[in-house]
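Q: Make a model of this:
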Amino acid sequence: MPSFDIVNEIDIQKLDNAINVAKKEIVNRYDFHGSKTEIDLDKKEMQLKIVTEDQMRMDAIRDIIISRSMKQGVDPKCFDFGKEQYASGNMVRKDVKIKKGIDKETAKTHCEIY
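A: The predicted model follows:
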């Protein structure tokens with residue numbers, strides 16, 4: 001029975017560049033002027049932590065991150081945007097997991113050999 005491996009590696013340097021460019025764009029945008037927005041990339045845990053003031057800004061940040069990662073050559077499907085969590089006050093926090101590879105169950109359901 002033949003076997004094959006599915007490899008989905010993410011270039012950490014390209015991801016870091018995309019996040020840094022997204023941070024610069026957010027700082028320079030007029031609709032984020034004076035906002036308390038933070039974006040942190042944790043390379044060890046492969047997680048992106050976003051904190052901002054409202055849902056509208058969170059959606060804008062998500063769009064910026066996806067567009068900048070596409071321009072750097074990083075697949076936007078690697079980001080697992082979960083549910084928002086409400087931090088202290090009226091802040092919105094989101095922990096975005098960065099997926100490396102395909103888990104075993106997903107590979108079995110999508111890649112059956114006949």
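Q: so where's the protein shaky on pLDDT?
A: 1-8, 87, 102-104, 106-107, 110-114 (pLDDT under 70).
Q: in the sheet, who's paired with the most centrally placed residue in it?
A: Centroid-nearest residue in the chain, with CA atoms, centre = their mean: residue 79, separated by 3.9 Å. When assigned by DSSP bridges, residue 79 has beta-bridge partners residue 98.
Q: tell me the contacts of it?
A: Residues in contact with residue 79 (CB atoms under 8 Å, 6 or more residues apart in numbering) are 48, 65, 66, 69, 96, 97, 98, 99. All C-beta spots, glycine's among them, are computed from the backbone N, C-alpha and C.
Q: Select only the buried ones of the residues you listed in PyMOL?
A: Here is the PyMOL command that picks out the buried ones among the contacts of residue 79, judged by 16 or more other CB atoms under 10 Å:
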select buried, resi 48+65+66+69+96+98
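Q: what's the closest of the contacts of residue 79 to residue 28?
A: Taking CB to CB as the measure, residue 28 sits nearest to residue 65 out of the contacts of residue 79, at 15.3 Å.
Q: which element is the closest residue to that closest one other than its chain neighbours on?
A: Using CB to CB, 6 or more residues apart in numbering and skipping residues adjacent in sequence, the residue nearest residue 65 is residue 22, 5.1 Å away. Using DSSP states H and E, residue 22 falls within helix 12-28.
Q: Show me the contact partners of that helix.
A: Outside helix 12-28, the residues touching it (CB under 8 Å, 6+ apart) are 32, 37, 39, 41, 43, 48, 61, 64-65, 68-69, 71-74, 98.
Q: Could you tell me which of those belong to strands?
A: Per DSSP state E, strands hold the following members of the contacts of helix 12-28: 39, 41, 48, 98.
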